[in-house]
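1. please find the sequence and the predicted model below.
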Amino acid sequence: MKLPELKIGSLIAKIPIIQGGMSVRVSTSALAVPVAECGGIGTIGGSGIPVEELQEDIRKAKNATKGVIAVNIMYAMRDFYDLVMGSIEAGADMIITGAGFSRDIFKIGKAHNIPIVSIVSSASFAKLAEKLGAAAVVVEATEAGGHLGTNLSLRELFPSIRKVVSKIPLIAAGGITNGYEMAEMMDKYGANGMQMASRFVLSEECSVSREFKETYLKAQQEDIVLVGSPVGLPGRAIKTPFVEKMLADEDVSAKSCLYQCLKKCNHKYCISERLLASHGGDVDNGLVFSGANTFKMKEILPVREIFDRFVRAAESVYKENKDYKKYTEDKEDTVAEQIKTHSEVQ
Ligand SMILES: Cc1cc2nc3c(=O)[nH]c(=O)nc-3n(C[C@H](O)[C@H](O)[C@H](O)COP(=O)(O)O)c2cc1C
């Protein structure tokens, strides 16, 4: 049957798919606009670029589509507040925050009448986000690309959060590669929608270098590994020569701190420099963030085709099954609370 719309605050996405924000120019308006045009939520990665550049890109996106354009901003960024305020001023429809937890963001959201969506990886932060006024919560599991807040899989983590969040939409993220999994997360686990990113890297519209996409296409399961990030969180990336050096404990640090991008940085390497390198095509010296299931995807497709395939597959099995309530009640509490070393409360 037909998939339901995803309602976040007063915004409606006709198709319950959020394209995950990918910083340092991986998800720009070039990707977010076609996603929004297909009925999903297109997200511009707002971290790691100057505020003026971000604002220009938001305006470009908003002029190009009437669909929903979100901006993802990582709390770990030194200029977090400026990026949030700049995005609101430029007309973003929604702010999605990850890599840490800000309390103040909800007050800003209320004051400017803009929905705030929190990305969390534990029941305690999900509950807190709902209480503080989040318009939706993204449950991001260990299969996700980029910075990680848990080692639990999506199917282990999601029920513990479904149990404690009841008033706002709950979005599943991490490792979803096809519409059957999307329908499963919605039917069996009670997700109101899902967020995915790696599938969209392998789109024609994603503006990363050909080499970045080829690294995705060539990756085998064992090539997708956990690496330490200077942010202090683990991150999931593809084993490039740079990552191999890091895993072998070689010195990969930068000579000087050129970007001053993070609130707290352990300076093991410069994450901005490494993400920029891979974006531009120097994957040997770069960091290529990727979800755990990228090895299952072997085609670069237009965004429209990605949507069509997802919706066709999901609607062929989707039943709007309410059984998930029973499923979450049956689930034991063992995964309900996570040690929160990964997150910072402002
Ligand atoms: C290249 C890349 C960059 C990412 N950058 C960010 C980011 O800047 N902020 C964030 O909250 N999540 C980031 N993520 C996580 C995604 O938004 C998304 O939640 C996650 O990757 C979903 O899993 P999937 O890639 O398996 O679909 C990134 C993921 C990838 C693959």
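-> Thanks, I have it.
2. what about the residue of the stretch 101-250 of the chain found nearest the ligand, neighbour count?
-> Nearest to the ligand in the stretch 101-250 of the chain, going by Cβ to the nearest ligand atom, is Gly145, at a distance of 2.7 Å. Bear in mind the C-beta positions are built from the backbone N, C-alpha and C, glycine included. Counted with other Cβ atoms under 10 Å, the neighbours of Gly145 add up to 29.
3. and what of Arg199?
-> Residues near Arg199, counting by other Cβ under 10 Å: 25.
4. show me what contacts it?
-> 176-177, 297, 306 (Cβ atoms under 8 Å, 6 or more residues apart in numbering).
5. can you rerun that using 7 Å?
-> For Arg199, the contact set (Cβ atoms under 7 Å, 6 or more residues apart in numbering) comprises 177, 297, 306.
6. and the residues you listed, which are buried?
-> Buried subset of these (neighbour count, 16 or more other Cβ atoms under 10 Å): 177, 297, 306.
7. dump those residues to CSV, plus pLDDT, distance to Thr43 and secondary structure.
-> Listed next are the buried ones among the contacts of Arg199 as CSV, based on pLDDT from 0 to 100; distance: Cβ to Cβ, whole Å; DSSP: H, G, I helix; E, B strand; the rest coil:
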residue, pLDDT, distance to Thr43, secondary structure
Thr177, 97, 18, coil
Met297, 97, 19, coil
Ile306, 98, 15, helix
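8. thinking again about what came up before, the residue of the stretch 101-250 of the chain closest to the ligand contacts Leu287, doesn't it?
-> No. At 10.9 Å, Gly145 does not count as touching Leu287 under the criterion of Cβ atoms under 7 Å.
9. returning to that earlier point: name the nearest of the contacts of Arg199 relative to Ser166.
-> Distances from Ser166 to the contacts of Arg199, taken as Cβ to Cβ, are shortest for Thr177 (28.7 Å).
10. helices or strands next to the lengthiest strand in the chain in the packing?
-> For the chain, the strand with the greatest residue count under DSSP state E is strand 68-74. Under the contact definition 3 or more Cβ pairs under 7 Å, 6 or more residues apart in numbering; DSSP states H and E, strand 68-74 sits against helix 29-37, strand 41-45, helix 51-64, helix 80-90, strand 94-98.
11. any residue of the longest one up close to the ligand?
-> It refers to helix 51-64. No. Judged by Cβ under 6 Å from any ligand atom, helix 51-64 makes no contact with the ligand; its nearest approach is 12.1 Å.
12. name the residues that touch that helix?
-> 28-29, 32-33, 42, 44, 46, 69, 71, 79, 82-83, 86-87, 89-92.
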